[in-house]
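In: can you look at this prediction? I've put the sequence above it.
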Amino acid sequence: MADRPYDVSTYGERIAEVYDDLPRVPANTERAVEFLAANAGRGPILELGIGTGRLALPLVQRGFVVDGIDASPAMVARLRAKPGGERVTVAMGDFADMAIAGRFSLIFVAFNTFFGLLTQEAQIRCFRGVAEHLTDDGRFVIEAFVPDLSRFTHGQRVGATDVGVDAVHLETSVHDPVAQRVRSQQVVITERGVRLYPVEVRYAWPSELDLMARLAGLRLRERWAGWSREAFGASSGAHVSVYERAGQERNP
Ligand SMILES: C[S@@+](CC[C@H](N)C(=O)[O-])C[C@H]1O[C@@H](n2cnc3c(N)ncnc32)[C@H](O)[C@@H]1O
């Protein structure tokens, strides 16, 4: 049987039922919200890949107007079912296309979601769309992992992420270092059966993101190793990067 093609909605549609309970969804949400609020000016805010509203809803509770873009109806249905979910405007579609009106003082994309754009071309298009939708003193914040190619042996990886009495969670991946693509399945095995949660990413190094920013007329303002403004360095596994328009300064 031919595999179904993976598209921009596949990840969300398959994971929505368990997303909010996943052990790997970051526990640092409060610090992320703090950081984003401090960079939002007066708003409005736009989140790319808004998902179930993990970050957007606390920002709404703080009084910000928050819009979002997402490709997965199942993820957005979860957001809508939560308190405040009706106050968020969500455009359904691919955030590489930025089919949304208005300008935003903060645009952000968290939890490696930028890498859901599977080609360099789509990632550059996204940066350009962001630049068009930022206010003059607006900021673009990306939270993403720093690629670690030592995770792969001969272009693949199989690892256990959780082993319990009633369930085993495995991560299986294949890696294409030329396209910078990783195709993965989170495999959950229980006595009731097997569940598959597919995810594909096109990773980029921080330096490549900075170059894409330059192509879009943006520049790096700050880079941290996490939402608590930990120092970023050669051993950092992740980064939170803040971009602004080249030639534009906003007071802190
Ligand atoms: C890892 S979840 C993150 C959700 C939320 N931002 C958070 O931090 O909890 C990624 C979300 O981005 C959406 N997504 C991934 N690629 C997308 C794309 N190209 N266009 C629109 N949405 C996308 C998925 O449907 C999913 O809701």
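Out: Received the coordinates, thanks. Numbering: from 1, shown residues only.
In: can you list the residues of the chain near the ligand?
Out: 8, 11-12, 49-51, 54-55, 69-72, 75, 94-96, 110-111, 113, 116-117 (Cβ under 6 Å from any ligand atom). Where you see a C-beta, it was placed from the backbone N, CA and C, and this is true even at glycine.
In: in helices, which of those appear?
Out: Counting by DSSP state H, the residues of the chain next to the ligand place 11-12, 75 in helices.
In: if we can go back for a sec, in PyMOL, select just the buried ones from the residues of the chain next to the ligand.
Out: Buried residues within the residues of the chain next to the ligand, by 16 or more other Cβ atoms under 10 Å, are selected in PyMOL with:
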select buried, resi 8+11+12+49+50+51+54+55+69+70+71+72+75+94+95+96+110+111+113+116+117
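In: any low-confidence regions in the stretch 101-250 of the chain?
Out: Applying pLDDT under 70 to the stretch 101-250 of the chain picks out residues 248-250.
In: looking at it, which residue is nearest the ligand?
Out: Closest to the ligand within the stretch 101-250 of the chain is residue 116: 3.0 Å, counting by Cβ to the nearest ligand atom.
In: how far away is that residue from residue 9?
Out: Residue 116 sits 10 Å away from residue 9, taking Cβ to Cβ, to the nearest Å as the criterion.
In: next one: residue 215
Out: 27 Å.
In: quick one, which of the two is more surrounded?
Out: Neighbour tally, residue 215 and residue 9, criterion other Cβ atoms under 10 Å: the higher count belongs to residue 9, 17 against 11.
In: contacting residues for that one?
Out: 71-73 (Cβ atoms under 8 Å, 6 or more residues apart in numbering).
In: could those residues be laid out in a markdown table, adding distance to residue 184 and pLDDT?
Out: Rendered in a markdown table, the data for these read as follows (distance: Cβ to Cβ, whole Å; pLDDT from 0 to 100):
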| residue | distance to residue 184 | pLDDT |
| --- | --- | --- |
| 71 | 18 | 96 |
| 72 | 17 | 96 |
| 73 | 23 | 96 |
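In: pLDDT at residue 20, what is it?
Out: For residue 20, the pLDDT comes out at 83.
In: Three-state assignment for it, please.
Out: helix (DSSP: H, G, I helix; E, B strand; the rest coil).
In: where does the closest residue to residue 10 other than its chain neighbours fall, phi/psi-wise?
Out: Spatial nearest neighbour of residue 10, chain neighbours left out: residue 198 (5.9 Å); criterion: Cβ to Cβ, 6 or more residues apart in numbering. For residue 198, the backbone dihedrals are phi -80, psi 150 (criterion: degrees, to the nearest 10).
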